[in-house]
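Enquirer: fold the following for me, if possible:
(one chain, ligands or ions: 1)
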Amino acid sequence: MAKEAIIVSACLLGIRSRYNGEEAVSEEVSLLSRKYELIPVCPELLGGLSVPRPPAEILGGRVIDKEGADVTANFILGAEKTAEIAERHGCSQAVLKARSPSCGAGVIYDGTFSGKRISGNGITADRLLSLGINIVSEDNLNGLR
Ligand code: SF4
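Expert: Presented below is the predicted three-dimensional model:
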């Protein structure tokens, strides 16, 4: 029987896609390949941003990078492309990097680049949730079904 396909933030699988050129590899996430077909995505790269790039946070419904540029359109494009990929692969679950302005689900930073956390979803997490996709972070893999 084919493995269930799940969306995974590319940086969790060792892709150096983060704003600072780093990855955020998680061995636990990589080991999920024993049970699932992992579909790596980086919404910010899919949305046309490059590596490295200034960090960005959500403020007042917009995504603003640390240099003051409004990158909302890139984040929305990345979310739409990720949603398309999820639908194409029949994904009903995703493992997304915690607290990212794209991938964070439930908790994000407050938009002041001060490290303060608030309740909220990243742009892609929000889009996938609207499709009924179950989202967990690398901190809570027990939430996978
Ligand atoms: S957008 Fe998501 S996948 Fe891409 S680097 Fe940020 S957290 Fe990782």
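Enquirer: need the contact list for Gly111.
Expert: By C-beta atoms under 8 Å, 6 or more residues apart in numbering, Gly111 lies in contact with Glu57, Ile58, Leu59, Gly60, Ile64. Quick note: C-beta positions are derived from backbone N, CA and C, even for glycine.
Enquirer: which SS state does the last one fall under?
Expert: When the structure is reduced to helix, strand and coil (DSSP: H, G, I helix; E, B strand; the rest coil), Ile64 reads as strand.
Enquirer: pLDDT score assigned to Met1?
Expert: We have a pLDDT of 82 for Met1.
Enquirer: same check, this time on the one 10 residues further on
Expert: We note a pLDDT of 98 for Cys11 in this prediction.
Enquirer: residues near it, how many?
Expert: Neighbour count for Cys11, taken as other C-beta atoms under 10 Å: 26.
Enquirer: chain neighbours aside, what residue packs nearest to it?
Expert: Distance criterion C-beta to C-beta, 6 or more residues apart in numbering; nearest residue to Cys11, sequence neighbours excluded, is Ala24 at 4.5 Å.
Enquirer: same check on Asn121?
Expert: Per C-beta to C-beta, 6+ apart, closest to Asn121 is Ala105, 5.4 Å.
Enquirer: remind me which helix or strand the most centrally placed residue in the chain belongs to.
Expert: Computing the C-alpha centroid of the chain and ranking residues by C-alpha atoms, centre = their mean puts Cys103 first, at 2.3 Å. In the assignment (DSSP states H and E), Cys103 maps to no helix and no strand.
Enquirer: check the gap between it and the ligand for me.
Expert: Plainly put, Cys103 is 4 Å away from the ligand if you go by C-beta to the nearest ligand atom, to the nearest Å.
Enquirer: got the contact list for the residue nearest to that residue when sequence neighbours are not counted?
Expert: Nearest residue to Cys103, sequence neighbours excluded (C-beta to C-beta, 6+ apart): Leu96, at 3.8 Å. By C-beta under 8 Å, 6+ apart, Leu96 lies in contact with 7-9, 103-105, 122, 124-125, 128, 135-137.
Enquirer: pretty sure Ile39 is touching Ser9, no?
Expert: No - counting by C-beta atoms under 8 Å, Ile39 stays clear of Ser9, with 10.6 Å between them.
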